[in-house]
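1. fold the stuff below for me.
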Amino acid sequence: MLKIFYRTLMIGSLAMPLCAQTDYQPSPENLKSRQEFKNDKFGVFIHFGIYSMLADGEWVLNDKNIDHKEYAKLASGFSPSAFNADEWVRAIKSSGAKYITITSRHHDGFSMFDTKHSDFDIMDATPFKRDILKELSLACQKQGMKLNFYYSHLDWMRTDYPLGRTGHGTGRELKPDWKSYYTFMNNQLSELLTNYGPIGAIWFDGHWDQDEKPDFNWELPEQYALIHNLQPGCLVGNNHHRLPFTGEDIQIFERDLPGENKAGYSGQDVGKLPLETCETMNGSWGYKIKDQNYKSPKELIHYLVKAAGKDANLLMNIGPQPNGELPAVAVERLQKMGEWMNVYGETIYGTTGGSVPPREWGVTTEKENKMFVHILDLKDQALYLPLKDKRIKKALMYKDKRPLKFTQDKSGTLLHLPAVPEDIDTVVELQF
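-> Residues are numbered from 1 along each chain as shown. Sure, this is the predicted structure:
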C-alpha cells in the first residue's frame with residue numbers, strides 16, 4: 001500500500017512531503033486502473049483554450065511571438081456559447097472511445113477550470129463564467145465515460161516559471177521562482193483531484209522544455225506522490241519522450257506507434273507499463289482554421305488497430321472550434337469509427353498484442369483462447385502465420401462467422417481466404 005506522503009494541502013501553500021516517491025509501489029486501486037486503461041484501448045484527446053480563438057493551433061502564443069499582455073486580452077472575449085458537455089460526451093462515446101483527456105491548462109497558462117490560484121482562468125477572466133471541466137466531469141459521470149486531465153509543466157505567461165527553450169518571445173518580465181511556481185502547480189493539481197470527481201489520469205506535458213539544463217529538478221516524485229495520495233487510482237503519465245520515470249503508471253508516445261519514430265518525438269524504448277500513443281485527427285492539436293486535412297475513417301481505424309496490435313491505446317485528438325462545437329468533420333469521423341467498433345469492438349477491447357508481431361499486411365490481437373487476425377493490406381487470398389506452438393481448433397471470418405479453410409503443420413498456419421481482402425479491416429478469428 002502507498003504511504004501517506006502529504007498532509008492536507010492548505011489553500012495558497014504546499015505542504016512538505018514526508019518522503020519522495022523514489023521507491024514507488026502502486027496501490028491496488030492503481031493496478032486496477034492500469035488494467036482498465038489497457039482494456040479500454042481508445043480515448044479522445046481534446047485541446048481547447050483561448051488559443052482556439054486565433055484558429056492557429058495551441059502553440060500560437062509561442063510561434064507568433066505574441067506579447068503576453070495582448071494575448072491575455074483574448075480571455076475577455078472567450079465565450080464558447082455553443083459548448084454542450086453532454087453533446088461532446090455523446091459524440092465521443094458514439095465512437096467507441098472509453099475516456100476523454102482534456103487540456104486543463106496548456107503552455108499558455110490559461111486555466112480551463114475554476115481555480116483559486118490564478119485569475120487567468122475561465123471563471124475570472126472570461127464573460128463565459130462557466131467551469132467547462134466541471135460540466136464535462138458531470139456529463140462523463142452521467143454517461144459512463146472516464147475523464148483525464150492534461151496539465152502543462154511549463155508556462156509562457158507566468159513570471160515565476162524559469163525560462164526554458166520555448167516562450168522567449170512573449171515579452172514577460174522574468175522573475176524565476178521555482179518554489180512559487182511548483183507550489184502553484186501542486187495547488188492546481190489538488191483542485192483538479194478534489195473538485196472534479198474521479199479522475200482517470202493526469203497527463204503531463206512540457207518536461208522537455210528544460211532539457212538544455214541537465215540539472216533542472218522538476219521534483220516529480222513529490223508531485224506524483226501528491227496525485228497518488230489524493231486519488232490512489234489516478235494514473236500518472238508524462239509526455240517527456242523517455243522511458244517512464246519512477247512514479248509514472250503509463251508510457252506515452254507522441255504521433256507514433258510504440259517502437260516507431262517517424263515523427264521524431266518517440267525514439268524511446270518501449271517499457272513494461274501500459275502504453276498509449278496520441279495522434280491528431282487532422283494535422284494540429286488545437287483548432288486551426290486552415291487545417292482541414294482530416295484523416296479518413298480508414299486511416300483512423302487502421303491507426304487504432306495497429307495500436308492495439310502493439311498492445312497500446314490510441315488517444316485521438318480533436319480541436320474544438322472557438323464557439324465550443326466539435327468540428328462537423330471530426331464528429332462524422334467519430335461516427336464512422338463507432339460504426340466499425342460496434343461490429344469489431346471485441347477484437348480491440350480487452351485484448352493484448354497478438355503473438356504474431358505486426359507485419360506489413362496487418363496485426364494480431366488476442367483475448368483468452370482467441371486470436372484476431374486484422375488484415376489491413378493484403379493482395380492475396382492466402383496468409384501465412386508463423387504459429388508453431390498453438391494448435392488451431394477453428395478459423396472463422398469474424399464478420400459473419402463463416403468457417404475458414406486453413407492448413408496447419410509444424411512450421412505454421414496458412415489461411416485460405418475466400419477472396420482478396422477489400423474491407424477496411426478483414427478480421428479472421430482463430431480459436432485455439
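
2. next up, the contacts around residue 68.
-> 61, 156-157, 170-172 (CB atoms under 8 Å, 6 or more residues apart in numbering). Using the backbone N, CA and C atoms, a C-beta is placed for each residue, glycine as well.

3. do that again at 10 Å, thanks
-> Contacts for residue 68 (CB atoms under 10 Å, 6 or more residues apart in numbering) come out as 61, 108-109, 156-159, 167, 169-173.

4. count of neighbours near the closest residue in space to it that isn't next to it in sequence?
-> Excluding the flanking residues, the one nearest residue 68 by CB to CB, 6 or more residues apart in numbering is residue 170, at 4.2 Å. The number of residues packed near residue 170 is 19, by other CB atoms under 10 Å.

5. what about residue 170, distance to residue 72?
-> 10 Å (CB to CB, to the nearest Å).

6. list residues touching both of those two?
-> Common neighbours of residue 170 and residue 72, counting by CB under 10 Å, 6+ apart, are 61, 66, 108-109, 157.

7. for residue 157, see how far away residue 67 is.
-> To residue 157, residue 67 is 11 Å away according to CB to CB.

8. what of residue 292?
-> Per CB to CB, residue 292 is found 30 Å from residue 157.

9. which one of these two has more residues nearby?
-> Each of residue 292 and residue 157 has its neighbours counted (other CB under 10 Å); residue 157 has more, 19 against 10.

10. which residues touch the more buried one?
-> By CB under 10 Å, 6+ apart, the residues touching residue 157 are 61, 68-69, 71-72, 107-110, 118, 120, 167, 170, 172.

11. out of those residues, who has the most neighbours?
-> Using other CB under 10 Å as the neighbour test, the contacts of residue 157 are led by residue 61, with 30 neighbours.

12. residues contacting that residue?
-> Counted by CB under 10 Å, 6+ apart, residue 61 has contacts 50-51, 54, 67-68, 70-72, 74, 106-110, 156-157, 166-167, 169-170.

13. can you give the contact residues for stretch 167-174?
-> Contacts with stretch 167-174, where a contact means CB under 10 Å, 6+ apart, come from 59, 61-71, 107-109, 154-163, 209.

14. can you show me the helices along the protein?
-> For the chain, the helices defined by DSSP state H cover 28-40, 60-63, 68-72, 85-93, 132-143, 178-192, 220-230, 297-309, 328-344.

15. quick one: which of these is nearest residue 99?
-> helix 28-40 (5.9 Å; CB to CB).

16. what are the buried residues along that closest one?
-> For helix 28-40, a neighbour-count test (16 or more other CB atoms under 10 Å) marks 30, 33-34, 36-40 as buried.

17. turn these into CSV, columns for pLDDT.
-> Formatted as CSV, those follow (pLDDT from 0 to 100):
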residue, pLDDT
30, 98
33, 98
34, 98
36, 98
37, 98
38, 98
39, 98
40, 98
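
18. nearest to residue 387, out of those: which one, please.
-> Set against residue 387, the nearest of the buried residues of helix 28-40 by CB to CB is residue 38 (23.6 Å).

19. residues touching the closest one, list them.
-> Residues near residue 38 by CB under 10 Å, 6+ apart: 250, 273-276, 311-313, 350-352.

20. ok, and the most crowded of these?
-> The most crowded member of the contacts of residue 38, judged by other CB under 10 Å, is residue 276 (28 neighbours).

21. in this structure that residue contacts residue 201, no?
-> Yes: Residue 276 is within contact range of residue 201, at 9.0 Å (criterion: CB atoms under 10 Å).
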